[in-house]
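Visitor: Structure of the sequence below:
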Amino acid sequence: MSAYFVFTREATLDESEMKKYGELVGPTFKGHPAKILAAYGAQEEVEGEGPEGIVIIEFPSKEAALGWYNSPEYKEVRQHRFKGGKYRATLVEGL
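Guide: Coordinates of the predicted model:
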């Protein structure tokens, strides 16, 4: 069953850390079956207040998604995201 990581950036805290994260995150997907479906595209708030940005990443399973998220490569890189912005990360299984 497919699984999706949904990252929502609520606020930017440090632009330089966000830039560093953006430069380093791509290679962390090597060897992981990930498909980026949306990444900070144009948003239209239909209900309520929206976040600064949204990223949606598809994986073939919850296990595959967590395999990437908990990989040593991503663990190192995500520290820049933690310093650079206030985020929510949600893993949701598809139908």
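
Visitor: Report all helices and strands that the longest helix that the chain contains contacts.
Guide: Across the chain, the longest stretch assigned as helix under DSSP state H is helix 72-84. If you count contacts as 3 or more CB pairs under 8 Å, 6 or more residues apart in numbering; DSSP states H and E, helix 72-84 packs onto helix 15-24. C-beta coordinates here come from the backbone N, C-alpha and C atoms, glycine included.

Visitor: Quick one: distance of whatever helix or strand comes next after the helix it packs on to the chain centre.
Guide: Once the chain leaves helix 15-24, the next helix or strand it forms, by DSSP states H and E, is strand 35-39. Offset of strand 35-39 from its chain centre (CA atoms, centre = their mean, to the nearest Å): 9 Å.

Visitor: Report the distance from the very next helix or strand once past strand 35-39 to the chain centre.
Guide: Once strand 35-39 ends, the next helix or strand along the chain (criterion: DSSP H and E) is strand 53-59. Strand 53-59 sits 6 Å away from the centroid of its parent chain (CA atoms, centre = their mean).

Visitor: what about dumping the CA coordinates of the helix or strand just after strand 53-59 to CSV?
Guide: On the C-terminal side of strand 53-59, the closest following helix or strand by DSSP H and E is helix 62-69. Presented in CSV, the C-alpha positions along helix 62-69 are these (Å, rounded to 0.1, in the frame of the first residue of the first chain):
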residue,chain,number,x,y,z
LYS,A,62,5.1,2.9,5.0
GLU,A,63,8.2,0.8,5.5
ALA,A,64,9.9,2.3,2.5
ALA,A,65,9.0,5.8,3.6
LEU,A,66,10.4,5.3,7.1
GLY,A,67,13.4,3.6,5.5
TRP,A,68,14.2,6.9,3.8
TYR,A,69,13.3,9.1,6.8
